[in-house]
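K.L.:
Give me coordinates for this.
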Amino acid sequence: MRSIQAYIHRVVARARRRSLSIGMALACLAASQGCGDSDADGGGDAPLRLPSADDTDGGGFTFGTDDADGAMDPRGGDAEDATPMPGDADPNADTAADTAADTAADPDSARAPDILDADGPTPIVDCAGFCGLFLEKNACHCHHACLGSADACCGGDGGYLGACACLGNADCDDGDPCTTDSCQQKGAQKLCMNLPFAGCCGADTECAGGDGICAFAKCIDGTCSLQPKPCDDGVDCTLDSCDPKTGECQHKLSASSCHIDGGCWKAGDAKPGTGGCQRCKPDVNASAWSPEPNKCFIDGECVAAGAKASAAEQECRTCQPATSKDTWTIASGQCHIDGVCLAAGASGQAGSCQVCNASQSQTTWSGKPGTCAVEGACYDKGAVSPAGPCATCQPEKSTSAFTVAADACLLDGACVAKGASKPGSGGCEVCDPGTPTKWKANLGKACDDGNTCTKEDVCTSQLTCQGKATTAFCCKADAECATQVQPGPCQKAICKGDGSCAIAPNPLCCSQGVCCDVAAQEMLPKGTLCYSDSKSVEYKCESNQGYVRKVGYGCTGEHESKCSSAVKGYGAWEPMSNVVCEAGKSCHTSGVTSPVCK
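P.N.:
Residues are numbered from 1 along each chain as shown. Next up is the predicted model:
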């Protein structure tokens, strides 16, 4: 109802001295009824329409059934039966002289007001099939009341009548959420009506409100509404919000949850496969599993403190959570080497220097006094490691391993200088003499991933160097620059070391010569036959067909007209018409003799 009232107010405000009982029109609409009696066939009130060119009384905004003169009486019923109503005799109504003067000043005023805007009627160019009242985005707007006029928009079967014919309301959907679509009877034909209604939006720009930081005004299905900035990170255990000052999305982990390995876990949840040895404990660590006290998780099993590694009587390994929660703890003074528990001083192979010296190592053999036992071999004091001179046997420091020099590391079986990077790590694993036999992780440190198209490269927790992609175009090969720059004659597109494209002289450019492809302005590849005549020929067979090619001086690939006897040039393989073997025979050749069939 509000939409029709708004439309009436627009028409009334722009009608030029037309008689209309505004109060009655609004009262009728407020009652949701037409303003007249039923028509002759007992139907309901006739639909709302604009004046037509056939109206003889100057036209007015009317309701009800048709008068004898083609107009519609605002009071309903036939014109001759209508009871005069207050306001019918308008002292300000247009006279014939007024109308003539208006027409002379504005020729468009004489036509039916099928298009209405703030400045009055707009010239019509093409109907384009629009069936409704005025909508700003439509180029032409016809109303049923205009059908009798002679203007280009509404007249003729090819215009409004052809485009807006319908059988039911479903035929009239114009796809616009801001119109009410219906199929209405007009004489012997049914035509679509698409009436706009107030308060409907067609684009976000028509909606007001929101702070533009965390809330935005959006037009959704014709209705303006405030929509929050999307901050959902897809993680169920985070509380997602938008900072009203910066507009940045925030994702606060729930105090009763852990976010581990990309999954959400509730406080107390056990890590799968650990038998309860590791659990989610947000108050301890919300991003990693926390071990349970007084238990060890070893070899995929959860064992209680004090439990032995086996039932063997001499078993020296037990679960000692205070020492280690993920490995067996060897009893003090004993060794566990090659799967056997050994007492202090126990020897290895007969005659060797290997002994159990728990103060040196509980898991590998140690050397006897004055020697080193390393990987099953015995070394005297001062002996150099097979890996290199950076490591030597120094029994006073270790009898179970080589002692590495203070400025080096012994890694992957080789001596590595202090600060040197592990090959392929991009600088994320380096030699640190503080841990001479193990690569040191360089987490969070600057590195080089070898990619010119990234920036701010840093070492990740996966021990790889990773950078952020640059926003600008970045090339890795010359071919990627073909569409970025436009080289001229004897020029080519190249990819520079910083990832940008440039134009450079083409060193292979040429314009003439026996070794020049003139059309492409490039020298022929090395080994291209220089002349049509040749020094020799070569033969080959493929199935039952013999082939021959010329061999002679070849192009060097470095000069447009230079041929060299030191470079063999080869022509294209050509089939030999006289060597096509019949069924049951095949082609044979040694390469230098003419092919034969046999």
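K.L.:
Phi, psi for residue 303 please.
P.N.:
phi -120, psi 150 (degrees, to the nearest 10).
K.L.:
same check, this time on residue 480
P.N.:
phi -70, psi -10.
K.L.:
you'd agree residue 530 is up against residue 563?
P.N.:
Yes: under the criterion of CB atoms under 8 Å, residue 530 makes contact with residue 563 at 3.7 Å. C-beta: built from backbone N, CA, C; applies to glycine.
K.L.:
Find residues that contact each of those two.
P.N.:
Taking CB atoms under 8 Å, 6 or more residues apart in numbering as the criterion, residue 530 and residue 563 both touch 514-515, 553-555, 569.
K.L.:
got the residue ranges for the helices in this structure?
P.N.:
Here the chain has its helices, by DSSP state H, at 2-14, 22-30, 96-105, 160-163.
K.L.:
rank those helices by pLDDT, which is bottom?
P.N.:
When these are ranked by mean pLDDT, helix 22-30 comes last with a mean of 32.
K.L.:
Check the offset of the lengthiest strand in the chain from the chain's centre.
P.N.:
Taking DSSP state E as the criterion, the chain has its longest strand at strand 545-555. The gap between the average C-alpha position of strand 545-555 and the chain average comes to 53 Å, counting by CA atoms, centre = their mean, to the nearest Å.
K.L.:
now stretch 165-185
P.N.:
Worked out by CA atoms, centre = their mean, stretch 165-185 lies 38 Å from the chain centre.
K.L.:
what does stretch 236-248 give?
P.N.:
For stretch 236-248, the distance to the chain centre is 22 Å (CA atoms, centre = their mean).
K.L.:
list the buried ones in it?
P.N.:
Neighbour counts using 16 or more other CB atoms under 10 Å place 237-238, 242 of stretch 236-248 among the buried residues.
K.L.:
just stretch 379-389 next, same as before
P.N.:
379, 383, 385, 387-388.
K.L.:
okay if I get the residues you listed as a markdown table plus distance to residue 405 and pLDDT?
P.N.:
Output for the buried residues of stretch 379-389, formatted as a markdown table (distance: CB to CB, whole Å; pLDDT from 0 to 100):
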| residue | distance to residue 405 | pLDDT |
| --- | --- | --- |
| 379 | 16 | 90 |
| 383 | 14 | 92 |
| 385 | 10 | 91 |
| 387 | 12 | 87 |
| 388 | 10 | 88 |
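K.L.:
ok, so of those residues, who is nearest residue 233?
P.N.:
Minimum distance to residue 233 across those is 48.5 Å, recorded for residue 387 (CB to CB).
K.L.:
got the contact list for that closest one?
P.N.:
Residues near residue 387 by CB under 8 Å, 6+ apart: 402, 410, 413-415.
K.L.:
now do residue 297
P.N.:
So residue 297 contacts 274-275, 277-278, 291, 303, 325-326 (CB under 8 Å, 6+ apart).
K.L.:
ok, of those residues, which come out buried?
P.N.:
274, 277-278, 291, 303, 325.
K.L.:
Against residue 360, how distant is residue 560?
P.N.:
75 Å (CB to CB, to the nearest Å).
K.L.:
do residue 579 as well
P.N.:
Distance from residue 579 to residue 360, by CB to CB: 81 Å.
K.L.:
cool, and residue 336?
P.N.:
From residue 336 to residue 360 the distance is 14 Å (CB to CB).
K.L.:
Over to residue 239?
P.N.:
According to CB to CB, residue 239 stands 54 Å off from residue 360.
K.L.:
Which stretches in the stretch 351-500 of the chain count as strands?
P.N.:
Ranges of strands in the stretch 351-500 of the chain, per DSSP state E, counting those that start in this stretch, are 354-355, 366-367, 371-374, 377-380, 384-385, 388-392, 403-404, 408-411, 414-417, 429-430, 440-441, 454-459, 465-469, 491-495.
K.L.:
what do you get for the stretch 151-300 of the chain?
P.N.:
179-186, 189-196, 215-220, 223-228, 238-242, 249-253, 257-260, 263-266, 278-281, 285-291, 295-298.
K.L.:
Direction included, what does the last one pair up with?
P.N.:
In its sheet, strand 295-298 lies beside strand 301-304 (antiparallel), with partners assigned from DSSP bridges.
K.L.:
So what pairs up with the residue nearest to residue 231 when sequence neighbours are not counted in the strands?
P.N.:
Spatial nearest neighbour of residue 231, chain neighbours left out: residue 249 (3.7 Å); criterion: CB to CB, 6 or more residues apart in numbering. Assessed by DSSP bridges, residue 249 has beta-bridge partners residue 242.
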